[in-house]
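> give me a 3D structure for the following:
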Amino acid sequence: QVQLVESGGGLVQAGGSLRLSCTASGRTFNTDTMGWFRQAPGKEREFVVGINSIDGTTRYADPVKGRFTISRDNAKNTLYLQMNSLKPEDTAVYFCTRRPGYSMVIPIRPESYDHWGQGTQVTVSS
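Numbers count the residues shown, from 1 in each chain. Model (predicted):
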């Protein structure tokens, strides 16, 4: 049974930075596709970024390009999301997710992923 546990959320002022972590247990993810989604109140869950663990290829949503960076440490089974230049519109619950295997095109629909963490709240004040 795969478990994903996020950490690192919090309250930050606009322009600040946060780093989220997601630790996987129950299975190594070094051949999987991992990703981050977010969900703001009253909105649908939206894709933020995904990464193929085996070769590091990535796909970013346009709103976060140039500000967010995804990375992973396969030895530690941990996924990271470095968020810089945060904006109030980045406020949301951030979820770590995983789908098995390599993705030629990293999917952006949440139903393409099969395991989710519980989420961590990120609040950006103006």
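> okay, CA-based contacts and neighbour counts for the rest of this
Will do.
> pLDDT at residue 2, what is it?
Residue 2 carries a pLDDT score of 85 in this model.
> how close does it get to residue 66?
Per CA to CA, to the nearest Å, residue 2 is found 31 Å from residue 66.
> have a look at those two and say which one is more surrounded.
Each of residue 2 and residue 66 has its neighbours counted (other CA atoms under 10 Å); residue 2 has more, 14 against 11.
> so what's the more buried one closest to, chain neighbours aside?
Excluding the flanking residues, the one nearest residue 2 by CA to CA, 6 or more residues apart in numbering is residue 26, at 4.6 Å.
> go on, residue 34?
residue 98 (4.4 Å).
> now the element after the helix or strand hosting the one you found, going C-ward?
Using DSSP states H and E, residue 98 maps to strand 92-99. Downstream of strand 92-99, the first helix or strand assigned by DSSP H and E is strand 115-116.
> which strands border that next one, and is each parallel or antiparallel?
Strand pairing for strand 115-116, determined by DSSP bridges: strand 92-99 (antiparallel).
> output the partner strand as PDB - backbone C-alpha positions only.
Taking Å, rounded to 0.1, in the frame of the first residue of the first chain, the C-alpha atoms of strand 92-99 are listed here in PDB:
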ATOM      1  CA  ALA A  92      -4.500  26.400  -1.700                       C
ATOM      2  CA  VAL A  93      -4.200  22.900  -0.200                       C
ATOM      3  CA  TYR A  94      -1.300  21.200  -2.000                       C
ATOM      4  CA  PHE A  95      -1.500  17.500  -2.700                       C
ATOM      5  CA  CYS A  96       1.300  15.100  -3.600                       C
ATOM      6  CA  THR A  97       0.300  12.400  -6.100                       C
ATOM      7  CA  ARG A  98       1.700   9.400  -8.000                       C
ATOM      8  CA  ARG A  99       0.900   7.300 -10.900                       C
END
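> how close does residue 74 sit to residue 107?
From residue 74 across to residue 107, the span is 21 Å (CA to CA).
> any idea how far the strand holding residue 98 is from the chain center?
How far strand 92-99 lies from its chain's middle: 5 Å, per CA atoms, centre = their mean, to the nearest Å.
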